[in-house]
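[1] dropping a prediction and its sequence here:
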Amino acid sequence: MRAGKTTFASLLAGGDRRSLGRASDAVALVLQDPARLAELVHCLWSDEAVVRMRAADAVEKVSRERPELLHAFKAELLGLAGESRQQEVLWHLAQIIPRLRLTRTERQRGIAQLKEYLQDRSAILRTLALQSLGDMAGDDPALREEVINLIEEALHSGTAAMKARARKLLVQLGA
């Protein structure tokens, strides 16, 4: 690391989990210098919960702008999606999974993980997982029917946010 170069761990540290801190600065740095993405992804395993949360937010925002940058990290991200217990990290990983360029096996693993999230205690995670499954079903006829059934189930038994999202997803999928 060059002298004077800000580390992502220090950029994302401090404060508490009610604030995103300087996560947007981390996004800008990676978009400016994609080679730094590895350092940001490494922060997803930080000992500090606030750093993990902010790194997940930043990685998710990078995935919106430049999803191809995450291709080299898809195995790590899918692994973390199954092992992390921090809700804020999972929220972001649920949004990242459909943006990854996955092999058939990786895609099945990602879909299985998103389905598992539908059973989580976090209504936010369940809603995000439902959206991500809907996104993945849009270009996968084999998955479409199953996801429509999950969406219809959420329409009847989900939280108010899940019901609202389910209605939008049914329109999105033309169901």
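    That came in fine, so what should we check first? Numbers count the residues shown, from 1 in each chain.

[2] helices of this protein, residue ranges please.
    8-12, 23-32, 37-42, 49-65, 74-83, 87-96, 104-117, 123-137, 141-157, 160-172 (DSSP state H).

[3] what residues of the shortest one count as buried?
    Right, the one you point to is helix 8-12. For helix 8-12, a neighbour-count test (16 or more other Cβ atoms under 10 Å) marks 8-9, 11-12 as buried. Heads up, the C-betas are built off the backbone N, CA and C, glycines and all.

[4] farthest pair within these?
    Using Cβ to Cβ, the pair of those lying farthest apart is A9 and L11, separated by 7.3 Å.

[5] can you list the low-confidence ranges for the chain?
    For the chain, the stretches with pLDDT under 70 are 1-4, 17, 19-20.

[6] the same query, at a cut-off of 50, please.
    Along the chain, the model assigns pLDDT under 50 to residues 1-3.

[7] now do the contacts for the nearest residue to L100 once chain neighbours are set aside.
    Nearest non-adjacent residue to L100, counting by Cβ to Cβ, 6 or more residues apart in numbering: K74, 4.8 Å away. If you count contacts by Cβ atoms under 8 Å, 6 or more residues apart in numbering, K74 has them with 100-102, 106.

[8] which of these lies closest to R121?
    Relative to R121, the closest of those is L100; by Cβ to Cβ it sits at 25.3 Å.
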